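In: what shape does this take:
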Amino acid sequence: MATPLLALDSVTKEFGNIRAVDEVTLDVPEGEVTAVIGPNGAGKTTLFNLITGRYELTGGQIDLRDERIDQLEPQDIVQQGLARSFQITNFFPDLTALENVRLAAQAQRTGLTPSAMLQHYDDQSETRAAARSVLERLDLLGIAEEPAGSLAHGQQRHLEIGIALACEPDLLVMDEPTAGMSPDETVETRELVEDLAEDITIVIIEHDMDVVMRVADRLAVMENGSLLTVGPPADVRQDERVQQAYLGGETA
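Out: Predicted structure coming up:
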């Protein structure tokens with residue numbers, strides 16, 4: 001069996017007497033979309049915070065390409081090839097869309113060291129080209145010079161994905177990319193995820209079950225901080241526990 005791109009082994013996180021993530025063991029195969037689903041409070045976002053280094057583990061281990069990453073700082077995890085788009089938009093609202101993505105590209109290449117930041121903006125031809133390429137892929141090139149804070153909600157969410165893409169990840173972790181979107185924006189974002197999945201491994205939290213069932217190769221279902229089941233969407237959909245808890249009792 002091939003080595004997974006990302007491997008979680010008995011990952012646990014406690015906040016005082018509360019165990020938010022309880023010994024989760026999960027392999028993320030390279031080249032697939034793994035969707036993590038479950039009700040509010042199931043531990044999904046906490047799990048993402050552990051994967052991306054925002055929280056320290058209470059127990060367990062996380063490996064990326066067989067190299068342990070759970071003891072690294074978040075910026076070092078990004079350097080290893082794992083980037084994240086957040087549930088809440090996370091950018092500089094007064095900077096243009098292009099500048100936001102360019103800064104992310106620059107950070108990936110230089111780490112945003114003081115010496116790198118002293119370089120004149122016009123000297124950053126490589127990072128500007130990389131940023132424009134990302135915006136073009138996201139169909140945002142037309143608003144490249146617009147302040148990020150002035151963009152429509154769907155455009156802001158896609159820009160946030162673009163900031164993650166500028167880090168050139170092998171693994172993209174997406175936290176509710178369709179949150180707050182209109183039906184049309186949701187379709188556009190689902191199609192974007194499908195496009196990105198052609199060359200990037202993705203782990204996604206998403207409440208829209210139509211999106212989940214369309215984009216995911218595997219579902220990982222969480223309940224009360226634990227992993228309830230993992231498998232192909234069609235199999236998980238038939239699980240009675242999942243039907244009752246998350247799919248409203250559907251019998252597809």
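
In: okay, now Pro183: neighbour count?
Out: Other residues within reach of Pro183 by the criterion other CB atoms under 10 Å amount to 9. Every residue, glycine included, has its C-beta placed from N, CA and C.

In: same check on the one 4 residues further on?
Out: Val187 is flanked by 15 other residues according to other CB under 10 Å.

In: so where does it fall, helix or strand?
Out: Using DSSP states H and E, Val187 sits in helix 183-196.

In: let's see that helix as CSV, backbone CA atoms only.
Out: Coordinates of each C-alpha in helix 183-196 appear next as CSV, following Å, rounded to 0.1, in the frame of the first residue of the first chain:
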residue,chain,number,x,y,z
PRO,A,183,-26.1,29.1,-4.9
ASP,A,184,-24.3,30.3,-8.0
GLU,A,185,-21.1,31.1,-6.0
THR,A,186,-21.3,27.6,-4.4
VAL,A,187,-21.4,26.0,-7.8
GLU,A,188,-18.4,28.1,-9.0
THR,A,189,-16.4,27.1,-5.9
ARG,A,190,-17.3,23.4,-6.3
GLU,A,191,-16.1,23.6,-9.8
LEU,A,192,-12.9,25.3,-8.6
VAL,A,193,-12.2,22.6,-6.1
GLU,A,194,-12.7,20.0,-8.8
ASP,A,195,-10.2,21.8,-11.0
LEU,A,196,-7.7,22.2,-8.2
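
In: quick one: average pLDDT of it?
Out: Model confidence over helix 183-196 averages 96 on the pLDDT scale.

In: same for it, what does it pack against?
Out: Helix 183-196 is packed against helix 153-165, strand 201-205, helix 209-215, with contacts defined by 3 or more CB pairs under 8 Å, 6 or more residues apart in numbering; DSSP states H and E.
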